[in-house]
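Asks: Return atomic coordinates for the entry below.
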Amino acid sequence: MTDKKTMVRAPASPMNMNARVKQIATYAEGGMEDLVRYSGSSDLEKSTARAKEIIGAHKLSCMDNDRLAGADPVSHFEFLALAMLLDLVPGKSGGGQLWAVPYGKTVTPIVGHKGLMTLWHRAKPGTEIVCRLAYKGDKISYNPTINRITQEGSNDVEEIFRERPLKDMVGGYTVILNQHGKVIASSKPISLVDMLKRARKSQTYKPALEKSNPDEWWTWFTPNTPWSTWPEKMAEKTIVKMFLGSGQVSVEGSKLDRALEIDTLAEDANARLRYQDVAEIAPPTHPVPEGLHVQVSDVEAPEEPVAPRGAPQPTGEQVEYGEEEAPKGDLFGEGPMPAVDPEGNY
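Replies: Numbers count the residues shown, from 1 in each chain. Model prediction:
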């Protein structure tokens with residue numbers, strides 16, 4: 001095993017942290033003209049107000065995370081430019097639309113579950129996309145002929161959305177509803193096994209944690225990161241992304257399409273997003289203030305994996321429900337996506 005780089009840095013004092021975050025915000029405001037341009041709007045006043053809102057939200061995120069605050073100042077500005085490009089408010093202020101996650105010296109953008117929902121509404125007005133997780137004992141059937149998933153008791157909202165044990169999760173599926181709540185398209189069910197294949201590509205996935213606790217997949221990720229903190233929401237987000245990436249529904253040319261590309265690249269531990277690879281994002285034209293330096297070292301070397309990425313994995317057909325009756329239909333298996341319901345007009 002190769003030696004790891006070690007991050008050795010004294011915790012920032014509250015006073016130093018406050019000063020640094022203010023410097024980052026001041027640096028960002030110095031590029032206001034550039035940030036406004038990323039909005040693509042001709043309404044200068046509205047775009048400026050939005051940029052100030054996004055900068056303010058990012059300041060709050062930095063105050064909660066000294067590693068984030070210590071990242072490359074240019075990377076902070078590029079993250080804000082991306083937030084303006086997608087028109088998503090970052091951090092808790094935005095309700096989880098867009099997260100700034102420190103990865104080495106870089107501020108990495110992670111589009112949240114709520115961000116995907118927000119961008120969907122903009123791309124497909126009058127519709128709603130919903131992910132529903134499936135657990136042992138759920139009675140779910142899927143009819144590929146009419147492209148419909150039905151869940152027994154599906155009118156009982158309290159029953160479907162009640163809190164369930166993570167250990168009982170077996171997968172999930174996505175439905176698109178029209179403005180009247182009618183299902184106009186459904187995904188084929190996605191197994192937990194297939195969802196975790198995608199999750200293992202995350203920068204925060206640690207093979208050693210999976211090896212030490214193979215039965216609890218939500219423990220396989222670095223603590224205090226999205227997968228370890230909000231495993232259900234990240235599972236829903238991943239299942240929705242798999243559905244949107246299937247080609248069954250077209251979002252080409254929309255900000256949602258761009259967000260999916262960027263988020264997938266940002267989460268991939270093998271790719272490591274570089275902002276210069278995002279065609280719309282240009283390096284800031286204003287200089288970094290003197291004294292505003294990077295305060296974190298580069299990311300530590302990855303741990304040796306349990307198995308090579310891409311190695312054969314169990315198929316969804318091996319998911320077991322462990323209850324009296326398994327759901328009807330070819331559920332939580334692999335195969336081509338069914339054709340979309342013509343009523344959906346997608």
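Asks: tell me the average confidence for whatever helix or strand Lys241 lives in?
Replies: Using DSSP states H and E, Lys241 sits within helix 231-244. The average of the pLDDT scores along helix 231-244 is 91.
Asks: Number of residues surrounding Thr127?
Replies: 18 (other CB atoms under 10 Å). Where you see a C-beta, it was placed from the backbone N, CA and C, and this is true even at glycine.
Asks: pretty sure it is touching Gln179, no?
Replies: Yes: look at Thr127 against Gln179 with CB atoms under 8 Å: they come within range, at 7.1 Å.
Asks: in the longest helix along the chain, what counts as buried?
Replies: The residue-count maximum for a helix in the chain (DSSP state H) belongs to helix 44-63. Buried residues in helix 44-63, counted by 16 or more other CB atoms under 10 Å: Ser47, Thr48, Arg50, Ala51, Ile54, Ile55, Ala57, His58, Lys59, Ser61, Cys62, Met63.
Asks: quick one on the thing from earlier: what helices or strands is the helix holding Lys241 leaning on?
Replies: The contact analysis (3 or more CB pairs under 8 Å, 6 or more residues apart in numbering; DSSP states H and E) places helix 231-244 against helix 113-123, strand 127-135, strand 169-178, strand 190-191, helix 192-199, helix 226-229, helix 255-267.
Asks: average model confidence for the helix or strand containing His76?
Replies: Here His76 sits within helix 73-86, counting by DSSP H and E. The average pLDDT within helix 73-86 is 93.
Asks: Next: stretch 208-217.
Replies: Here the average pLDDT along stretch 208-217 is 95.
Asks: And that stretch, how far out from the chain middle?
Replies: Here the centre of stretch 208-217 is set off from its chain's centre by 22 Å, with CA atoms, centre = their mean, to the nearest Å.
Asks: before we move on, the earlier item: give me the contact list for the helix holding Lys241.
Replies: 96, 112-113, 116, 129, 131, 133, 166, 169, 171-174, 187, 190, 192, 194-195, 198-199, 217-218, 226-227, 249, 251, 256, 260, 263-264 (CB atoms under 8 Å, 6 or more residues apart in numbering).
Asks: and the nearest residue to Met84 once chain neighbours are set aside, how many neighbours does it have?
Replies: With sequence-adjacent residues excluded and distances taken as CB to CB, 6 or more residues apart in numbering, Met84 is closest to Tyr38, at 3.9 Å. Neighbour count of Tyr38, defined by other CB under 10 Å: 20.
Asks: swap in Thr285?
Replies: Neighbours of Thr285 (other CB under 10 Å): 9.
Asks: ok, it touching Met32?
Replies: No: with contact defined as CB under 8 Å, Thr285 does not count as touching Met32 (11.5 Å).
Asks: the bottom helix or strand of this structure by mean pLDDT?
Replies: helix 157-160 (a mean of 47; mean pLDDT, DSSP states H and E).
Asks: same for the helix holding His76, what does it pack against?
Replies: Against helix 73-86 (3+ CB pairs under 8 Å, 6+ apart) you get helix 14-30, helix 32-38, helix 44-63, strand 98-103, strand 106-111, helix 255-267.
Asks: List just the one of those that sits closest to Pro289.
Replies: Relative to Pro289, the nearest member of these by CB to CB is helix 14-30, separated by 5.8 Å.
Asks: hmm, who's touching that closest one?
Replies: In contact with helix 14-30 (CB under 8 Å, 6+ apart) are residues 12, 35, 52, 55-56, 58-59, 62-63, 66, 69-70, 73, 76-77, 80, 286, 288-289, 291-292, 295.
Asks: Over to stretch 34-48?
Replies: So stretch 34-48 is in contact with 28, 32, 50-51, 54-55, 80-82, 84-85, 87, 280-282, 284-286, going by CB under 8 Å, 6+ apart.
Asks: swap the cut-off to 7 Å and go again
Replies: Here stretch 34-48 makes contact (CB atoms under 7 Å, 6 or more residues apart in numbering) with Met32, Arg50, Ala51, Leu80, Ala81, Met84, Leu85, Asp87, Pro284, Thr285.
Asks: for the stretch 1-150 of the chain, what are the low-confidence residue spans?
Replies: 1-15, 143-150 (pLDDT under 70).
Asks: at 90 instead, please
Replies: 1-19, 40, 64-67, 93-96, 101-106, 108, 110, 112-113, 130, 132-150 (pLDDT under 90).
Asks: can you check the stretch 151-300 of the chain too?
Replies: 151-165, 175, 177-189, 201-204, 223-227, 229-230, 243-254, 258, 260-300.
Asks: before we move on, the earlier item: among the helices and strands packed on helix 231-244, show me which one is buried the most.
Replies: Using mean count of other CB atoms under 10 Å, the stretch among the helices and strands packed on helix 231-244 with the largest mean neighbour count is strand 190-191, at a mean of 25.
Asks: No further questions, thank you.
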